[in-house]
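Asker: can't give you the sequence, but here's the structure:
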């Protein structure tokens, strides 16, 4: 499949001339697309109408979906990607027009109300008074979500082989004990290292990597049974339960959209 690469500049946070306080952007991608590491002078709220995309900041990788958006503060260096067929949307918030909801990237739940308000702002003919009221409502309901599809990549020499193996093959079923034996350390050592570097356990980290990969496959139209096998689960029901624990949504939600 053809892959396109887009190159954008790295710009510092700061005022920039914009027609509205919150400017809407939308694009549907015909090809798998990647963006180089770049930054914007304005804040971004990234979300999808359809499909899945990713944003990478340092060692953190977020998956963006129709219900899980991402707040990207102005001036934050990030790269990204979107798979073919994804309908990406964003709101660009003029620097200085609002107090950032977070100084660092953070997940945002795209609630039905927030979606409705953002869609209203996409209308460039919206009267000034209505736009001002809608923008104020967006700022009122826009808050960080405790739920985000985030993977913190470990970087130590100890954990790098595990991280690379699981990222390359999310269906890898080796346990923590299997890895400990292969690397010549105790399972307890690996447990401490994972908690220190990723903020979570080995099992939860693997589940998050699998969920991110599963979202991409489901969005491409794979059957749930095939996705379950591809990401290392012995049955579709086991995969569905793990997927819901991680994302709060069913696999069918992504495939249906």
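Answerer: Structure received. What you see is a predicted model; the values in this text were computed from it and never measured.
Asker: and the residue sitting furthest away from the middle of the chain, what is it in contact with?
Answerer: Ranked by distance from the centre of the chain (Cα atoms, centre = their mean), the top residue is residue 184, with 34.1 Å. By Cβ atoms under 8 Å, 6 or more residues apart in numbering, the contact list for residue 184 is empty. Yep, even glycine has a C-beta here, placed from its N, CA and C like the rest.
Asker: Residue 163 and residue 153 touch, don't they?
Answerer: Yes: at 5.7 Å, residue 163 counts as touching residue 153 under the criterion of Cβ atoms under 8 Å.
Asker: Which one's more surrounded, these two?
Answerer: Shown here are residue 163 and residue 153; by other Cβ atoms under 10 Å, residue 163 has more neighbours (21 against 18).
Asker: and the residue nearest to the more buried one when sequence neighbours are not counted, how many neighbours?
Answerer: Of all residues not flanking residue 163 in the chain, residue 154 sits nearest, at 5.1 Å (Cβ to Cβ, 6 or more residues apart in numbering). Residues near residue 154, counting by other Cβ under 10 Å, number 20.
Asker: Grab the nearest non-local neighbour of residue 238.
Answerer: In space, and not counting its chain neighbours, residue 238 is closest to residue 228: 7.2 Å by Cβ to Cβ, 6+ apart.
Asker: Show me how far whichever strand or helix holds that neighbour is from its chain's centre.
Answerer: Here residue 228 sits within helix 224-230, counting by DSSP states H and E. The gap between the average C-alpha position of helix 224-230 and the chain average comes to 21 Å, counting by Cα atoms, centre = their mean, to the nearest Å.
Asker: by contact count, what packs against it?
Answerer: Counting contacts by 3 or more Cβ pairs under 8 Å, 6 or more residues apart in numbering; DSSP states H and E, helix 224-230 is packed against helix 202-219, helix 236-247, helix 251-256.
Asker: Could I get the pLDDT score of the most centrally placed residue in the chain?
Answerer: The chain has residue 63 as the residue nearest its centroid, 2.2 Å off, counting by Cα atoms, centre = their mean. pLDDT for residue 63: 93.
Asker: Does it belong to a helix, a strand or coil?
Answerer: strand (DSSP: H, G, I helix; E, B strand; the rest coil).
Asker: got a list of what it touches?
Answerer: 52, 53, 54, 149, 150, 211, 212, 215, 216.
Asker: now swap in residue 131 and tell me
Answerer: 20, 121.
Asker: That one: helix or strand, and which one exactly?
Answerer: helix 128-141.
Asker: picking up where we left off before, pull up the gap between the residue nearest to the centre of the chain and residue 171, please.
Answerer: 18 Å (Cβ to Cβ, to the nearest Å).
Asker: Same check on residue 96?
Answerer: Residue 96 is 47 Å from residue 171, where distance means Cβ to Cβ.
Asker: just residue 51 next, same as before
Answerer: The span separating residue 51 from residue 171 equals 22 Å under the rule Cβ to Cβ.
Asker: Return the distance of residue 90 relative to residue 247.
Answerer: Following Cβ to Cβ, the distance that separates residue 90 from residue 247 is 21 Å.
Asker: who has more neighbours, those two?
Answerer: residue 247 (24 against 21).
Asker: so that one sits right up against residue 149, yeah?
Answerer: Yes: counting by Cβ under 8 Å, residue 247 touches residue 149, with 5.9 Å between them.
Asker: so what sits against both of these two?
Answerer: 65, 68, 211, 215.
Asker: got those as a markdown table, with neighbour count and distance to residue 75 columns?
Answerer: As requested, the shared contacts of residue 247 and residue 149 are exported to a markdown table (neighbours: other Cβ atoms under 10 Å; distance: Cβ to Cβ, whole Å):
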| residue | neighbour count | distance to residue 75 |
| --- | --- | --- |
| 65 | 24 | 25 |
| 68 | 25 | 23 |
| 211 | 23 | 29 |
| 215 | 29 | 28 |
